[in-house]
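Novice: got a structure for you, letters missing:
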């Protein structure tokens, strides 16, 4: 995972707004040919010839989307970028630029903000993204991060949520439920720490789950893979709120139904063992956990031979006619109606 | 000004996140040919042939950028859009799309958010802008609004901050200082109200100033005017932080100096009379007040005949060589070095 450091403390007021953003963005270098003008004017200027631009924006609020008591600022910067890139990849487009605006209260030092931006820089470097704008301002209480991501694709390449057809296969990348369980582990450690601050957390055995929560990766590699395999999904969405909720989005917008097979849902062995420890049902966690940032998409059955051997992709069900409804086919072969419940449902159940 | 209404109260939790954004954005209709896909997918899709895209983003935080005790939500929605469009026009581009994300605490009802979005709708309708994305989420304390604006222009048309040359004329649209004085009037009324809630505010004589603060207009008309007059500025910026600060930005980025003439700074008669009432120096207010959202630009002297008769534009100074520095030439014909002081300086002086 990313390293954390905390040594000196310079109040942000020592710099002023304009110098602060200069200082934070000083070491970002533009890499994309479509970046004509980045930071430093009223607006960024982006160019492209025959391609279409894809634009997405997200707001991350302290205490709602992240908890700084266990989320290091560097990871937070990294994750804030990932969350937005994930939306661009979910359009089957290549992400190229981001803008990042932050609002901070005076409890954040310059060094803390530099830590946040070092995570943003790591993300933009690894994914080949240019930071082209954004500003810094004050906030009364917590930290607010607003990221806008831009990507490009030819019009034929772009995949919407509304193209799924009956008999298409429902496919997911990676595995599910890990990010939610990582959150549960971190929450438990936080409570232990509050009772006994001298207790050293033992997080061995949870590393994969914690990394899924603190340092998710957007699936740029899957978009490249689909391109290499010459597969264009008929519909696609990224999994930010949980598999169940995202499947229902695809089905609603495509006006279709689906059968999702419980025994096909990809789970990491750590997810299975920690679900036992936490007395949680792993299917419920995968369906409603959220924050996995995997890609969920549908493909024509004709494309099945191209993807079937790939360890990154799992066929988890079939698209049906709208009238058939959206169902989970359980291991016991019974059909349950799919519902979007999200984290609250999980918490109610505990 | 925009009308305010407050009748019923539906808790936002009655809808849920997805239905909320549907409900709030239901009556927005796309108008721009460059909007290929608006709200409803992972990202918006925007298209253009030979033009370049201009992108700007801003974060508005309750208690920092606005005070809901005198800022009606409808006006706030309108202003949030204007602030961002202003950045696009300041690139000499035409604004075409916005995304709006909000984070709200549970003290906001659905009706309150609909009020906010009705202001956003009025702004997008009047300026011919498409709302193409954004989301809603929770916040622990106040309201957070994040707006990203997009515009298009041919590469030759785009005006940066760094093109001013020695001997160019320094020009400003409209008049200055009004928004800051409107803020002062509203702050005074708020204090009166806190002492005596039954006191009816008498805001006659202040209407122009209050409108400048609560309902600023981005100068789309000035961009059209410059196009009609066949004038391409050599550099341009919008006035959000105060004339002084913006002039220094242009000069720094263009590596030039300037002489700004105090007696040329355009002031509305209401600004002059209310400055007397508040015992403020009108030049200081115009230089440091901010939030006027006028355009500041430089033009070649060859273009002077094209703009000289226009009541919307005022020549306020000359660009000099860098070595000459940046100065205010006072009415008494003495030269004072220009400084970016902003609102804090004004408050210190009171």
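Specialist: Good, I have the coordinates. Everything quoted here is computed from the prediction, not taken from an experiment. Numbers count the residues shown, from 1 in each chain, chains lettered A, B, ... in the order given.

Novice: Test my guess that residue A:274 contacts residue A:206.
Specialist: Yes - between residue A:274 and residue A:206 a contact is recorded at 6.8 Å, counting by C-beta atoms under 8 Å. Bear in mind the C-beta positions are built from the backbone N, C-alpha and C, glycine included.

Novice: which neighbours do these two share?
Specialist: Counting by C-beta atoms under 8 Å, 6 or more residues apart in numbering or on different chains, the common neighbours of residue A:274 and residue A:206 are residue A:185.

Novice: Helices of the stretch 251-350 of chain A, residue ranges please.
Specialist: Along the stretch 251-350 of chain A, the stretches classed as helices by DSSP state H, counting those that start in this stretch are A:269-278, A:282-288, A:304-307, A:342-349.

Novice: In JSON lines, list those helices along with mean pLDDT, mean neighbour count and distance to chain B.
Specialist: As requested, these are arranged in JSON lines below (pLDDT from 0 to 100; neighbours: other C-beta atoms under 10 Å in any protein chain shown; distance: least, C-beta to the nearest C-beta, whole Å):
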{"stretch": "helix A:269-278", "mean pLDDT": "94", "mean neighbour count": "16", "distance to chain B": "25"}
{"stretch": "helix A:282-288", "mean pLDDT": "95", "mean neighbour count": "24", "distance to chain B": "14"}
{"stretch": "helix A:304-307", "mean pLDDT": "96", "mean neighbour count": "14", "distance to chain B": "21"}
{"stretch": "helix A:342-349", "mean pLDDT": "45", "mean neighbour count": "13", "distance to chain B": "9"}
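
Novice: Output the ones you listed as a markdown table; include the columns distance to residue A:217.
Specialist: Putting these into a markdown table (distance: least, C-beta to C-beta, whole Å) gives the following:
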| stretch | distance to residue A:217 |
| --- | --- |
| helix A:269-278 | 16 |
| helix A:282-288 | 18 |
| helix A:304-307 | 20 |
| helix A:342-349 | 21 |
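
Novice: wait, which of those is closest to residue B:218?
Specialist: helix A:342-349 (38.1 Å; C-beta to C-beta).

Novice: buried set for stretch A:307-315?
Specialist: By neighbour count on 16 or more other C-beta atoms under 10 Å in any protein chain shown, the buried set for stretch A:307-315 is A:307, A:312-315.

Novice: Please apply the same query to stretch A:241-260.
Specialist: Neighbour-count burial for stretch A:241-260 flags A:241-251, A:253-254, A:256-260 (criterion: 16+ other C-beta under 10 Å).

Novice: Over to stretch A:313-332?
Specialist: For stretch A:313-332, by 16+ other C-beta under 10 Å, it's A:313-320, A:326-329.

Novice: tell me the two of those that are most distant?
Specialist: A:313 and A:327 (22.0 Å).

Novice: just curious, which of the buried residues of stretch A:313-332 is nearest to residue B:201?
Specialist: residue A:326 (55.4 Å).

Novice: My guess is the closest one contacts residue A:337. True?
Specialist: Yes - Residue A:326 sits in contact with residue A:337 when judged by C-beta under 8 Å, with a separation of 6.9 Å.

Novice: For residue A:22, give its distance to residue A:175.
Specialist: 42 Å (C-beta to C-beta, to the nearest Å).

Novice: Kindly report the same for residue A:36.
Specialist: 40 Å.

Novice: Same check on residue A:195?
Specialist: Counting by C-beta to C-beta, the gap from residue A:195 to residue A:175 is 33 Å.

Novice: quick one, which of the two is more surrounded?
Specialist: Between residue A:195 and residue A:175, residue A:175 has the larger neighbour count (other C-beta atoms under 10 Å in any protein chain shown), namely 20 against 7.
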